[in-house]
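Visitor: Build the 3D model from these lines:
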Amino acid sequence: MNARGQVTEELRGNGLTSLTQCDDLTGLLLHQKTTDALGFNLV
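Guide: Model (predicted):
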């Protein structure tokens, strides 16, 4: 979680990990990346 309480890393039940990056000032989503268990980028 970041300072605003937004989730920045989430491990899903299917083994995928989602990482999100939000703007510190506005809280808006800047970037989202999802990887599988082997570390391959999916999105």
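Visitor: what helix or strand does the residue of the chain positioned farthest from its centre sit in?
Guide: Computed with Cα atoms, centre = their mean, the maximum C-alpha offset from the centroid of the chain is found at L25, amounting to 17.8 Å. Under the criterion DSSP states H and E, no helix or strand holds L25.
Visitor: What does the pLDDT read for it?
Guide: For L25, the pLDDT comes out at 94.
Visitor: now swap in V43 and tell me
Guide: Looking at V43, its pLDDT is 64.
Visitor: which residues touch A3?
Guide: D24 (Cβ atoms under 8 Å, 6 or more residues apart in numbering). All C-beta spots, glycine's among them, are computed from the backbone N, C-alpha and C.
Visitor: Phi and psi next, for it.
Guide: Main-chain torsions, A3, degrees, to the nearest 10: phi -60, psi -20.
Visitor: what's the answer for L30, then?
Guide: Main-chain torsions, L30, degrees, to the nearest 10: phi -100, psi -40.
Visitor: which residues touch it?
Guide: With Cβ under 8 Å, 6+ apart, L30 has these contacts: 21-23.
Visitor: can you redo these as JSON lines with secondary structure and distance to N14?
Guide: As requested, the contacts of L30 are exported to JSON lines (DSSP: H, G, I helix; E, B strand; the rest coil; distance: Cβ to Cβ, whole Å):
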{"residue": "Q21", "secondary structure": "strand", "distance to N14": "22"}
{"residue": "C22", "secondary structure": "strand", "distance to N14": "24"}
{"residue": "D23", "secondary structure": "coil", "distance to N14": "28"}
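Visitor: By neighbours, which of the residues you listed wins?
Guide: Using other Cβ atoms under 10 Å as the neighbour criterion, C22 leads the contacts of L30 with 18 neighbours.
Visitor: List the beta-bridge partners for it.
Guide: Applying DSSP bridges to C22 gives these bridge partners: L29.
Visitor: didn't it look like it was pressed against V7?
Guide: No - taking contacts as Cβ atoms under 8 Å, C22 lies outside contact range of V7: 9.5 Å.
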